[in-house]
Structure formats: C-alpha cells, structure tokens
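Peer 1: sequence first, then the predicted structure:
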There are 2 protein chains.
Amino acid sequence: MTDVKSALDPRRFPEAGLRQGIELLYFAYRAFTAEPDAILAHYGFGRAHHRVIYFIGRQDELTVSELLAVLQISKQSLAPILRQLRQAGLVTQLPGRRDRRQRLLRLTEKGQDLERRLSQTQRSRLAAAYGQAGPSAAEGFRQVMLGLMDPADHQRLVDMAPLESPAK
Amino acid sequence: MTDVKSALDPRRFPEAGLRQGIELLYFAYRAFTAEPDAILAHYGFGRAHHRVIYFIGRQDELTVSELLAVLQISKQSLAPILRQLRQAGLVTQLPGRRDRRQRLLRLTEKGQDLERRLSQTQRSRLAAAYGQAGPSAAEGFRQVMLGLMDPADHQRLVDMAPLESPAK
DNA sequence: CATATATGTCAATATGACTGACGTAAAATC
DNA sequence: GATTTTACGTCAGTCATATTGACATATATG
C-alpha cells in the first residue's frame, strides 16, 4: 500500500495517469470554485474574500496574523479585503482580551449567512462526489490530497473523524 | 457504493468531513501549483502561461478556439499570453492545412523543455502522493475528482488506462 | 455575392496579488 | 523604566490575469 520508493516507476504510475491527475486537479478545482465565484460576483467580491470569510467563519475568532499564516499572503494584500468585508458589515473586529494589540476577527450574522451560502455549494458538490464514488473512494481521495499538500499545512486542517472504519 | 440519494445525509458525510474536503482542495491545489509558479516567475510568466503551455504541449497541435474552449477564458485574455510565449520563442503558429484561417499552435523545442520542467514537478508530486496512498486510494481520488468536475469537461481529459484492475 | 467563422487588436476596467517604507500601540524583555 | 519586539495598519507603486465592447481581416461556406 505504501511502497513509496517505487512511486516514480513508470510501470506503476504511467505518464498518462499522472497527466490525467494534473488535469483532474485543474478541472475539479475550477468546477469547485465556480459557484462561489458567481455568488461573490453579486457583491463585487472575489475568491480572496471567500477564503477570508471561510477561515474566519471556521473558528469563530481569529487574529489577523493567524489568518495571514493560513492564507500565506502579505498583510498589504489582506488589508483591502478585510476593509471591504468590514464596510459591508460581514466581519467585525474586537481587541484581543489577553493581548489588546490583536484584532479578533469574527463574522457578523450577515457574514455567517454568506459563509453558509458559499460553503453549501461546495459541501453539496463534495457530498455528491463522495456519494457517487463511495466511502472508500472518499477516503482514498483524502489520502491522496494529504500527500499532495505541504505537510506543514496538515495541522491547519479541521479535525474530523475518519470517513470509514474509525476503529481499525 | 453509489447510493447517491443519501449523499446529503449528514450521518454519511458529516459537516466536519465536508469542511475538511473543502480545505483539502484548497491546500492541495496551492501546494500543487507552488513549484511551477516559482519556475514561471523566473521568466516573468504566471499560471496562465503554464496552462497554455500545458494544453498546447499535450496534443502537439491545437487551434486557438480549441484552447479557448478548454481554458474557458476570452480571446482578449488569451491574446497577450500567446504573444508573450511567441516572443519568448516557446510557441509557434502555422496556418491550418484544411482551414487556413486557423492558427495551429505548437510548442518549439524550447517550449517543450519548459513544459517538461513544469509538469515534472507536478507529476512527481502526484506520483509521490499516489505511492504513499496506494493504487486503490489513487483510483478513489480519481473517482471523487471526476465527480467534482463539470461533466462537460470529462471529454477533455487525456485518455488513460485505469489505475487498477483494468478487467474488472 | 453575402454571410459566418477564426483570429487578432485596441481600449478601458477590475481584482488580487506583490514589495518597500513608515507609523502606532501594546507587550515583553533587559 | 527604557528599549525592543510584536501586532497591526496604511500609503504608494507595480504587476498578472482576467473582463467587456468594438472593430478589423482573412478565409470559408451558403
């Protein structure tokens, strides 16, 4: 199952299979972001706003530096996005309780509404794909995606129970 | 395995699992594009150039309209990219043999070199992830990605032999 | 000959990213 | 208590990638 050393042996994963993998990533990601993009366009927002809304909404309170660390963008890039979301009444800030230099970012109710609308399109698409492919394929998907990611980002994923056989 | 109807039943695919799926897509795609992006930066190119190089290189000859159909961008967006690639000596055009209005796009040798360098980083990453997760996980990944894609794009994927059990 | 198609180009616009430089407030440290 | 570091913000300039609209040209097709 985990014969990593021979992974580059073309007999195991021939050229065409790897090429198709590249294309699967491209087409799937495009489809996955299309619906949120369309919703966001109504607000004059883009994908960057979605990511900010998503990660703030995920854990209810988030400092600016945590957000920058997750997104890996510069604060100068984040600033205008956050300003727009604040002005639109989707995000609020409050000073940190322990460290008052920090700005704790939170979604307003309106922000939570939009977050749910955006994520719902992606959750439905995922649930449909999981349902079509089956739980074992879903777990395979998860394993491959984990392998593609930068391992440093593993810690950033939301916790979750395994998709199948929790007590193997 | 394919009980699609109950895919939205939260007992099958709970909130946290779907949320993690969203994050897997985001983090994996980011990691997957990071290395090519870094190589392209040396040339003053971006991800758009990569996509153009990739799809031209994939089938040796491609018309402008086929390229537009795959990428789903406007010809006004494509034009400057193609011009830069032509000027850099990576892409050439020749008039279509049947229809001389068409411009058949081809990679030069230099273009093929760059294409290989860019794709190689992605093929290696995929091969490593497939190797770590195993062939059955790789096939699960493929199935889920196919489910996420717009079905209209299925025809655009390169042909490939199934990853496992070709004669099931 | 008229029309449709394949492609190219000019202009104006927008998002989302970057770097560099500087400022402020608060916390941490010497 | 003074200094340094940290958390955050902002101003300015730049860039890549995308958009739409309008128009031009060559070729193919009816």
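Peer 2: Great, that's in hand.
Peer 1: doesn't residue A:78 make contact with residue A:52?
Peer 2: Yes - between residue A:52 and residue A:78 there is a contact under Cβ atoms under 8 Å: 7.3 Å. The way it works is simple: take the backbone N, C-alpha and C, and place the C-beta from them, glycine included.
Peer 1: for chain A, which residue gets nearest to DNA strand D?
Peer 2: Relative to DNA strand D, the nearest point of chain A is residue A:65 (2.9 Å; Cβ to the nearest atom of the strand).
Peer 1: who's in contact with that residue?
Peer 2: Contact partners of residue A:65, counting by Cβ atoms under 8 Å, 6 or more residues apart in numbering or on different chains, are residue A:102.
Peer 1: out of residue A:52 and residue A:78, which sits in the more crowded spot?
Peer 2: Applying other Cβ atoms under 10 Å in any protein chain shown to residue A:52 and residue A:78 shows that residue A:52 carries more neighbours, namely 26 against 17.
Peer 1: residue A:147: which element?
Peer 2: helix A:135-148 (DSSP states H and E).
Peer 1: tell me the mean pLDDT for that helix?
Peer 2: Per-residue pLDDT over helix A:135-148 has a mean of 96.
Peer 1: any idea of the angle that helix forms with helix B:135-148?
Peer 2: For helix A:135-148 against helix B:135-148, the angle by axes from the mean of the first three to the mean of the last three Cα atoms, to 10 degrees is 100 degrees.
Peer 1: find residues that contact each of residue A:52 and residue A:78.
Peer 2: Common neighbours of residue A:52 and residue A:78, using Cβ under 8 Å, 6+ apart, are A:67, A:71.
Peer 1: enumerate the residues of chain A near DNA strand C.
Peer 2: A:40, A:44-49, A:51, A:72-74, A:76-77, A:81, A:99-101 (Cβ under 7 Å from any atom of the strand).
Peer 1: check the secondary structure at the closest residue to residue A:147 other than its chain neighbours for me.
Peer 2: Leaving aside its sequence neighbours, residue A:147 sits nearest to residue B:129 (Cβ to Cβ, 6 or more residues apart in numbering or on different chains; 3.0 Å). State at residue B:129, reduced to three classes by DSSP: H, G, I helix; E, B strand; the rest coil: helix.
Peer 1: cool, residue A:45 as well?
Peer 2: Going by three-state DSSP: residue A:45 is coil.
Peer 1: identify the residues contacting it.
Peer 2: By Cβ under 8 Å, 6+ apart, residue A:45 lies in contact with residue A:84.
Peer 1: likewise for residue A:154?
Peer 2: Here residue A:154 is in contact with residue A:146 (criterion: Cβ under 8 Å, 6+ apart).
Peer 1: what about residue A:21, distance to chain B?
Peer 2: Residue A:21 is 4 Å from chain B, where distance means Cβ to the nearest Cβ, to the nearest Å.
Peer 1: next: residue A:16.
Peer 2: For residue A:16 relative to chain B (Cβ to the nearest Cβ), the value is 4 Å.
Peer 1: next SSE downstream of the strand or helix carrying that residue?
Peer 2: Element membership for residue A:16 (DSSP H and E) is helix A:15-41. Per DSSP H and E, the first helix or strand lying C-terminal to helix A:15-41 is helix A:47-59.
Peer 1: look at residue A:98 and say how many residues are nearby.
Peer 2: Other residues near residue A:98 come to 5 when the count uses other Cβ under 10 Å.
Peer 1: give me phi/psi at it?
Peer 2: Backbone torsions of residue A:98, given as degrees, to the nearest 10, read phi -80, psi -50.
Peer 1: once you drop chain neighbours, what's closest to residue A:115?
Peer 2: residue A:57 (4.0 Å).
Peer 1: so how many other residues sit close to the one you found?
Peer 2: Count around residue A:57 with other Cβ under 10 Å applied: 21.
Peer 1: and the pLDDT for it?
Peer 2: According to the model, residue A:57 scores 92 on pLDDT.
Peer 1: and the gap between the residue of chain A closest to DNA strand D and chain B?
Peer 2: Counting by Cβ to the nearest Cβ, the gap from residue A:65 to chain B is 19 Å.
Peer 1: nearest residue to residue A:117 other than its sequence neighbours?
Peer 2: Nearest residue to residue A:117, sequence neighbours excluded (Cβ to Cβ, 6+ apart): residue A:39, at 6.2 Å.
Peer 1: and that neighbour, what does it touch?
Peer 2: Counting by Cβ under 8 Å, 6+ apart, residue A:39 touches A:114, A:117, A:118, A:121.
Peer 1: what's the closest of those residues to residue A:20?
Peer 2: residue A:121 (25.5 Å; Cβ to Cβ).
Peer 1: wait, the closest one touches residue A:33, no?
Peer 2: No - using Cβ under 8 Å, residue A:121 makes no contact with residue A:33, being 9.6 Å away.
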